[in-house]
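**Student:** sequence-free structure coming up:
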């Protein structure tokens, strides 16, 4: 009888968080970046997101306070992939509350170990790849409609929001399901480093592909060869289409990457050069 009773109690003993509790974590996590500040970064949002978890798994008020306090430590990563870390954290807090076989300091250590790599992957894939692709498609649709159709903007919002919410939900569910074992698998395989490297390459390729469509720079200069008027822009296009936009993009990239020029003053400098060049008859 005792073995049967223990078997019947084992699900409750091993798991206190239900699917509904994880859905609450997902709902609370919508405010993940709302408490952002420059002292603790995303820590306030992390604490708020974990309220359903901490309140459910801990019965002792002192343990609840301790759990809330350890998540007030500085935390900063890409907001959408952070939910995979939230799922892992929920599993670790549950393990700590029910079995007390985890060093509480290791919960914060896991978060700190993952926030850097996940920030690189999230920024490269979501912000560096998906966002430029969708922005380029949206701008193309708007310009093709003669600036009369909002479908480009609507498509951009739907895709970005949809992918973002999918990453949040699946991250929490998968992170909780796999728990700490996921961290060990990722770190032992070197998957984070590989994803970061290839995501950066993909982002550069995608952004580079938009140069010819989104960067405009044309010369207005021409010269006469006998009775023939030769356009410098047509000559350059015959050698290599979009040579000047590419050169301008590479120059800006070099200034930002190698010379550490602030992008905002650089944007104003490009606009000023464009206006002056047009007024002088050099740029079309």
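**Tutor:** Perfect, I can see it now. These numbers come from a predicted model, not from an experiment.
**Student:** on the three-state scheme, residue 33 is what?
**Tutor:** Judged by DSSP: H, G, I helix; E, B strand; the rest coil, the three-state class of residue 33 is coil.
**Student:** that one touches residue 44, doesn't it?
**Tutor:** No. Counting by Cβ atoms under 8 Å, residue 33 stays clear of residue 44, with 9.4 Å between them. No exception for glycine: its C-beta is placed from N, CA and C like everyone else's.
**Student:** I'd like to know which elements the helix or strand encompassing residue 138 is packed against.
**Tutor:** Using DSSP states H and E, residue 138 sits in helix 131-144. Judged by 3 or more Cβ pairs under 8 Å, 6 or more residues apart in numbering; DSSP states H and E, the packing partners of helix 131-144 are helix 151-178, helix 191-209, helix 211-214.
**Student:** confidence-wise, which of those is weakest overall?
**Tutor:** If the helices and strands packed on helix 131-144 are sorted by mean pLDDT, helix 191-209 sits at the bottom with a mean of 63.
**Student:** residue 155 and residue 166, how far apart?
**Tutor:** Distance, residue 155 to residue 166, using Cβ to Cβ, to the nearest Å: 16 Å.
**Student:** and the strands in the chain, which stretches?
**Tutor:** 222-225, 228-231 (DSSP state E).
**Student:** which residues are contacting the last one?
**Tutor:** Contact with strand 228-231 is made by 219, 221, 222, 223, 224, as judged by Cβ atoms under 8 Å, 6 or more residues apart in numbering.
**Student:** pick out the most distant pair among those residues.
**Tutor:** 219 and 224 (15.7 Å; Cβ to Cβ).
**Student:** picking that back up, which one of residue 33 and residue 44 has more residues nearby?
**Tutor:** Neighbours were counted for residue 33 and for residue 44 using other Cβ atoms under 10 Å; residue 44 has more, 20 against 13.
**Student:** quick one: contacts for the more buried one?
**Tutor:** Neighbouring residues of residue 44 by Cβ under 8 Å, 6+ apart: 34, 35, 36, 37, 72.
**Student:** buried subset of these?
**Tutor:** By neighbour count, with 16 or more other Cβ atoms under 10 Å, those hold residue 35 as buried.
**Student:** from the contacts of residue 44, which is closest to residue 103?
**Tutor:** Closest approach to residue 103 among those (Cβ to Cβ): residue 72, at 18.2 Å.
**Student:** what about that closest one, distance to residue 176?
**Tutor:** According to Cβ to Cβ, residue 72 stands 22 Å off from residue 176.
**Student:** how about stretch 55-70: buried residues?
**Tutor:** By 16+ other Cβ under 10 Å, the buried positions in stretch 55-70 come out as 56, 57, 58, 63, 64, 67.
**Student:** over to stretch 251-260?
**Tutor:** residue 252.
**Student:** what do you get for stretch 93-110?
**Tutor:** For stretch 93-110, burial by neighbour count (16+ other Cβ under 10 Å) applies to 93, 94, 95, 96, 97, 102, 104, 107, 108, 110.
**Student:** try stretch 129-143
**Tutor:** Buried positions in stretch 129-143, judged by neighbour count with 16+ other Cβ under 10 Å: 129, 130, 131, 132, 133, 134, 136, 138, 139, 141, 142.
**Student:** any regions of the stretch 1-150 of the chain where pLDDT drops low?
**Tutor:** Applying pLDDT under 70 to the stretch 1-150 of the chain flags the ranges 1-15.
**Student:** for it, which segments count as helices?
**Tutor:** 2-14, 19-28, 43-49, 51-57, 61-70, 82-99, 104-122, 131-144 (DSSP state H, counting those that start in this stretch).
**Student:** reformat those into TSV and put distance to residue 257 next to each item.
**Tutor:** Below are the helices of the stretch 1-150 of the chain laid out as TSV (distance: least, Cβ to Cβ, whole Å):
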stretch	distance to residue 257
helix 2-14	50
helix 19-28	38
helix 43-49	31
helix 51-57	41
helix 61-70	38
helix 82-99	27
helix 104-122	16
helix 131-144	17
